[in-house]
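Peer 1: one predicted model, sequence on top.
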Amino acid sequence: MSVNRSKEIFKVSYVGIGTNFALVAVKALAGFMANSTTVILDAVNNLSDALSSAITIIGTKLASRDADREHPYGHGRIEYLTATVIALIVMAAGLTSMREAILKIITPAEVKYSIFSLIVITVGIITKFFLGKYFVTKGEALASQSLTASGTDAWGDAVISTATLISAIINMTLGVNLEGWLGAVISIFIFKAGLEVLTEAIDNIIGVRVDTELSTGIKAKLCSYDEVIGAYDFVVNNYGPDLNLGSVHIELSDTMTIREFDALTRRIVPDIYKEFGVYLTIGVYAANTSDEISMKIKEAVRRETDSDPRILQMHGFYADPVTKLVSFDVIIDFREKNAAEVIKALKEHLTAEFPDHSFNINLDLDFSD
């Protein structure tokens, strides 16, 4: 993790801590003066936001540690754990708010809002809206899920405070106490926001499908080199916001020498990293470029695979004219639960059509578009 990125995350988090502590003080005062549980809970929620920013700082410090023998990929994924902790805090806040809201519905208490209370709540709404925008903008720019999560939470707080303001105005003008009901609705939104952040963080820890824009962009870039016939099997593993390790197979003419292949990869690897931020390891598929029989078999294989909707792609075809061994890879839809039977049937059809050849069909997983 770059030093500048870490420092910027620290700076944003410190702003969040200072702002939230200031809001805690004024909202707690206004809440006690008005005997409003909603406003007091809002103050407690701001305190949890300050805690979230502190957790972000700690998580970023841990994630920025250099790689070591035990962790050669660095510690960047700690940021996803940090986002998980923040999400759990947000969800806990939602559940706590729901409990208090239910109690308010069952036994409503008299509240006494004042102009001072309304001013405090309004200032809190404006502050939280712009703080949320600041966090989200910085989080996206710095690829920090923790900052983005805190920004989403801040926007949720602005919604909470808006509902509190509406409740206060209705109470002052009509004498109707809606704190409990509004609090219940707000609690659901708080919990939902935390759950969404938690889901995204867990997805990144487990590993998700490669982003379509990234995979298609890298494959298009690879195919822009004159020597490259096709690009397949692109996989990328994320070890933190700024460390992406990828691998891919490129299809090249079977007449290319090792020296030419080496020179090609030395051009490709830095180009891909510069444009896409992915450290790429490159494997190779040899492509028949002159043997007519091999080309005829390839056309037959393509015809068979294209006619089966369960087969998403065929690639890596090579027919050895000496051993008469034909090898290629297929990608089968994840929804197909009996991939072995699909491959077996395909092999039988091809063997019947070309009995003097043997076929080696490999199953590839559908990692990317």
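Peer 2: Right, received. Where do you want to start? The model shown is predicted, which means the values in this text are computed figures rather than measured ones.

Peer 1: how is the chain carved up into domains?
Peer 2: 3-206, 212-364 (automatic domain parsing).

Peer 1: can you list those domains in TSV and add mean neighbour count and mean pLDDT?
Peer 2: Using the backbone N, CA and C atoms, a C-beta is placed for each residue, glycine as well. As requested, those are arranged in TSV below (neighbours: other Cβ atoms under 10 Å; pLDDT from 0 to 100):
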stretch	mean neighbour count	mean pLDDT
domain 3-206	19	82
domain 212-364	16	93
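
Peer 1: so which strand or helix has the residue nearest to residue 57 when sequence neighbours are not counted?
Peer 2: Distances taken as Cβ to Cβ, 6 or more residues apart in numbering place residue 13 nearest to residue 57, at 4.8 Å, with adjacent residues excluded. Remark: residue 13 resides in helix 3-34, with elements defined by DSSP states H and E.

Peer 1: how about residue 259?
Peer 2: Per DSSP H and E: helix 258-276 holds residue 259.

Peer 1: and the closest residue in space to residue 326 that isn't next to it in sequence, what does it touch?
Peer 2: Closest residue to residue 326 apart from its sequence neighbours, by Cβ to Cβ, 6+ apart: residue 319 at 4.6 Å. Going by Cβ atoms under 8 Å, 6 or more residues apart in numbering, residue 319 touches 288, 291, 293, 294, 297, 298, 325, 326, 327, 357.

Peer 1: which one of the residues you listed sits closest to residue 156?
Peer 2: Distances from residue 156 to the contacts of residue 319, taken as Cβ to Cβ, are shortest for residue 327 (54.4 Å).

Peer 1: what are the ranges of the helices in the stretch 151-300 of the chain?
Peer 2: For the stretch 151-300 of the chain, applying DSSP state H, counting those that start in this stretch gives helices covering 179-206, 212-223, 258-276, 292-306.

Peer 1: among those helices, which is nearest residue 240?
Peer 2: helix 179-206 (9.6 Å).

Peer 1: what is that closest one packed up against?
Peer 2: Judged by 3 or more Cβ pairs under 8 Å, 6 or more residues apart in numbering; DSSP states H and E, the packing partners of helix 179-206 are helix 37-63, helix 78-106, helix 145-174.

Peer 1: now tabulate the ones you listed in CSV and tack on distance to residue 199.
Peer 2: Putting the helices and strands packed on helix 179-206 into CSV (distance: least, Cβ to Cβ, whole Å) gives the following:
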stretch, distance to residue 199
helix 37-63, 17
helix 78-106, 8
helix 145-174, 11
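
Peer 1: and the ones you listed: which comes nearest residue 121?
Peer 2: Closest among those, using Cβ to Cβ: helix 145-174, at 4.6 Å.

Peer 1: quick one, the closest one and helix 3-34 angle?
Peer 2: Put simply, helix 145-174 runs at 20 degrees to helix 3-34, going by axes from the mean of the first three to the mean of the last three Cα atoms, to 10 degrees.

Peer 1: which helices and strands does helix 145-174 pack with?
Peer 2: helix 3-34, helix 37-63, helix 78-106, helix 115-141, helix 179-206.

Peer 1: can you report phi and psi for residue 313?
Peer 2: Per-residue torsions, residue 313: phi -160, psi 150 (degrees, to the nearest 10).

Peer 1: the one 10 residues further on too?
Peer 2: Backbone torsions of residue 323, given as degrees, to the nearest 10, read phi -80, psi -10.

Peer 1: which strands or helices does the helix holding residue 259 pack on?
Peer 2: Helices and strands touching helix 258-276, by 3+ Cβ pairs under 8 Å, 6+ apart, are helix 212-223, strand 244-253, strand 279-287.

Peer 1: out of those, which is closest to residue 86?
Peer 2: Here strand 244-253 is closest among these (Cβ to Cβ), at 23.1 Å.

Peer 1: between strand 279-287 and the closest one, find me the angle.
Peer 2: Using the same axes, to 10 degrees: strand 244-253 against strand 279-287 is 20 degrees.

Peer 1: for strand 244-253, which strands pair with it and how are they oriented?
Peer 2: Here strand 244-253 is paired, per DSSP bridges, with strand 230-238 (antiparallel), strand 279-287 (parallel).

Peer 1: now the ones you listed in CSV, with distance to residue 206?
Peer 2: Shown next, in CSV, are the strands paired with strand 244-253 (distance: least, Cβ to Cβ, whole Å):
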stretch, distance to residue 206
strand 230-238, 11
strand 279-287, 21
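
Peer 1: quick one: closest of those strands to residue 343.
Peer 2: Comparing the strands paired with strand 244-253 by Cβ to Cβ, strand 230-238 comes nearest, at 17.0 Å.

Peer 1: from the rest of the structure, what touches that closest one?
Peer 2: 77, 204, 207, 210, 214-215, 218-219, 222-223, 244-251, 278, 283, 285, 287, 313, 315-316, 329, 364, 367-368.

Peer 1: right, and residue 172 touches residue 113 too?
Peer 2: Yes. Under the criterion of Cβ atoms under 8 Å, residue 172 makes contact with residue 113 at 5.3 Å.

Peer 1: contacts for stretch 57-65?
Peer 2: Contacts of stretch 57-65 (Cβ under 8 Å, 6+ apart): 1, 3, 6, 9-10, 13-14, 74-79, 81-82, 85, 144, 146, 240.

Peer 1: centre of the chain versus that stretch, how much separation?
Peer 2: Distance of stretch 57-65 from its chain centroid, counting by Cα atoms, centre = their mean, to the nearest Å, is 19 Å.
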